[in-house]
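# this one's sequence-less:
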């Protein structure tokens with residue numbers, strides 16, 4: 001599984017003992033301390049076209065890197081996923097052009 005993340009270990013001082021905190025950094029720079037929150041955020045922001053109206057959206061080669069992709073609730077859009085993906089799920093899309101390549 002390939003994830004676009006940088007994981008940093010930061011030392012946190014607590015009295016005389018040191019605890020390690022793992023930080024997950026999303027593609028857009030948003031930081032998380034929970035892996036689950038990080039993964040949900042990345043899926044929604046990087047691997048989803050959702051609630052779009054009259055837009056042209058494109059994922060270029062190298063941008064999905066085999067991750068699943070979700071397209072939902074789009075109307076009058078041109079949507080292109082031009083990278084390999086594990087699967088694509090499409091729900092409630094109307095009057096739109098979709099290219100998966």
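Thanks, I have the structure now. For clarity, every value in this text was computed on a predicted model and none was experimentally measured.

# least trustworthy helix or strand in this protein by mean pLDDT?
strand 6-14 (a mean of 46; mean pLDDT, DSSP states H and E).

# quick one: contacts of stretch 62-81?
Outside of stretch 62-81, the residues that reach it under the criterion C-beta atoms under 8 Å, 6 or more residues apart in numbering are 2, 4, 43, 46-59, 83-101. All C-beta atoms are positioned from the backbone trio N, CA, C, and that covers glycine.

# let's see 7 Å
Contacts made with stretch 62-81 from outside it, assessed by C-beta atoms under 7 Å, 6 or more residues apart in numbering, are listed as 2, 47-59, 83-100.

# filter the residues you listed to the buried ones?
47, 49, 52, 59, 83, 85, 93, 96 (16 or more other C-beta atoms under 10 Å).

# what is the neighbour count of the residue nearest to the fourth one when sequence neighbours are not counted?
Okay, so that is residue 59. Using C-beta to C-beta, 6 or more residues apart in numbering and skipping residues adjacent in sequence, the residue nearest residue 59 is residue 81, 4.8 Å away. Per other C-beta atoms under 10 Å, the neighbour tally for residue 81 reads 21.

# which strand residues bridge residue 81?
Residue 81 has the following beta-bridge partners by DSSP bridges: residue 59, residue 100.

# that one and residue 74, how far apart?
In this structure, residue 81 lies at 13 Å from residue 74, with C-beta to C-beta, to the nearest Å as the measure.

# go on, residue 101?
Here the distance between residue 101 and residue 74 works out to 18 Å (C-beta to C-beta).

# ok, now residue 96?
Distance from residue 96 to residue 74, by C-beta to C-beta: 6 Å.

# end to end on stretch 63-75, go ahead and measure it.
Between the opening and closing residues of stretch 63-75 there is a gap of 23 Å (C-alpha to C-alpha, to the nearest Å).

# list the buried ones in it?
The neighbour-count criterion (16+ other C-beta under 10 Å) identifies 63, 64, 65, 67, 69, 71, 74 as the buried residues of stretch 63-75.

# show me which pair in the residues you listed is furthest apart.
Looking at those by C-beta to C-beta, the two members farthest from one another are 65 and 74, with 22.5 Å of separation.
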